[in-house]
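Novice: give me the fold of what follows.
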Amino acid sequence: MEQGNNNHEVGTQASAAYDHSDCDCFGCAILTHGREGLIYATDRIVPLEALVSPFQRDNCPTLVGKPKLFFIQACRGTKLHRRMDVTDSTSSLDRSSENSEAGMGEIPYRRIPVQADFLFSYSTVPGFYSWRNSQEGSWYIQALCIVMENYGSKMELLHMLTQVNRMVAYDFESCSDEDFTEKEMPSIASMLTRYIFFRPKKPDIRG
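Specialist: Numbering: from 1, shown residues only. Sure thing, here's the model as predicted:
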């Protein structure tokens, strides 16, 4: 959602009302300005919850038990990240990935909380600015695209988002002067109940 939408509530409700029976998960990317818990739309500021609640249980029955993923590029406050120099003894990129899922099959009629199976990947931690390059785009979205493109079909989602966190934290910075360096630390809030792999969907061969 670039800078929101005049009919954001209608749009989210329409998406929630859509029949997602043939979908394995739902994903939403929001790129805009914001404050903690708030998203800037074209016409007004709206709570993030207003965009999320239409996809909870009774509001969107065909997504019950399926992952609902929100990737949010927006400021969450006005604080600035400060640099801290550390010695890193680990490799810059862990290329290992899990090759198997947990084997958690869906069981019909199981009671689950309305907040279950949501994931929020934020470009920054609560209270802080989120940064972008005027030519290359936001640091978080750059890193997310790079990691998804390289590992999207073979690495579990939370592992990929950890790589995104690391890439933004270690590889991106904007220097104002020798004493102050602008940094950024993405964050993840996961209520997922299973592992997620974006593997090619097998065709349905049932007659």
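Novice: just the strands in the chain please.
Specialist: Secondary structure of the chain (DSSP state E): strands at 26-31, 34-35, 38-40, 45-47, 68-73, 77-79, 118-122, 127-128, 132-133, 137-138, 174-177, 180-182, 187-190.
Novice: start to end distance for stretch 60-72?
Specialist: 21 Å (Cα to Cα, to the nearest Å).
Novice: can you give me the buried ones in that stretch?
Specialist: In terms of neighbour count (16 or more other Cβ atoms under 10 Å), stretch 60-72 has its buried residues at 60, 63, 64, 66, 67, 68, 69, 70, 71, 72. All C-beta spots, glycine's among them, are computed from the backbone N, C-alpha and C.
Novice: farthest pair within those residues?
Specialist: 64 and 72 (22.6 Å; Cβ to Cβ).
Novice: which strands and helices lie in contact with the longest helix along the chain?
Specialist: Longest helix in the chain by number of residues (criterion: DSSP state H): helix 157-171. For helix 157-171, the packing partners by 3 or more Cβ pairs under 8 Å, 6 or more residues apart in numbering; DSSP states H and E come out as strand 118-122, helix 139-151, strand 187-190.
Novice: now with 10 Å?
Specialist: Judged by 3 or more Cβ pairs under 10 Å, 6 or more residues apart in numbering; DSSP states H and E, helix 157-171 is in contact with strand 68-73, strand 118-122, helix 139-151, strand 187-190.
Novice: quick check: angle from the longest one to strand 68-73?
Specialist: Computed by axes from the mean of the first three to the mean of the last three Cα atoms, to 10 degrees, the angle separating helix 139-151 from strand 68-73 equals 130 degrees.
Novice: quick one: mean pLDDT over helix 139-151.
Specialist: The average pLDDT for helix 139-151 rounds to 96.
Novice: quick one, that helix and helix 157-171 angle?
Specialist: 130 degrees.
Novice: what's helix 139-151 packed up against?
Specialist: Helix 139-151 sits against strand 26-31, strand 68-73, strand 118-122, strand 132-133, helix 157-171, with contacts defined as 3+ Cβ pairs under 10 Å, 6+ apart.
Novice: list the buried residues of it.
Specialist: 139, 140, 141, 142, 143, 144, 147, 148, 151.
Novice: now it - C-alpha only, CSV.
Specialist: The C-alpha coordinates for helix 139-151 follow below in CSV (Å, rounded to 0.1, in the frame of the first residue of the first chain):
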residue,chain,number,x,y,z
TRP,A,139,17.0,-0.5,3.3
TYR,A,140,14.5,-3.1,4.6
ILE,A,141,12.8,-3.7,1.3
GLN,A,142,16.1,-3.9,-0.5
ALA,A,143,17.3,-6.6,2.0
LEU,A,144,13.9,-8.4,1.9
CYS,A,145,13.9,-8.7,-1.9
ILE,A,146,17.5,-9.9,-2.0
VAL,A,147,17.0,-12.6,0.6
MET,A,148,13.7,-13.7,-0.8
GLU,A,149,15.1,-13.9,-4.3
ASN,A,150,18.1,-16.0,-3.2
TYR,A,151,16.6,-18.2,-0.6
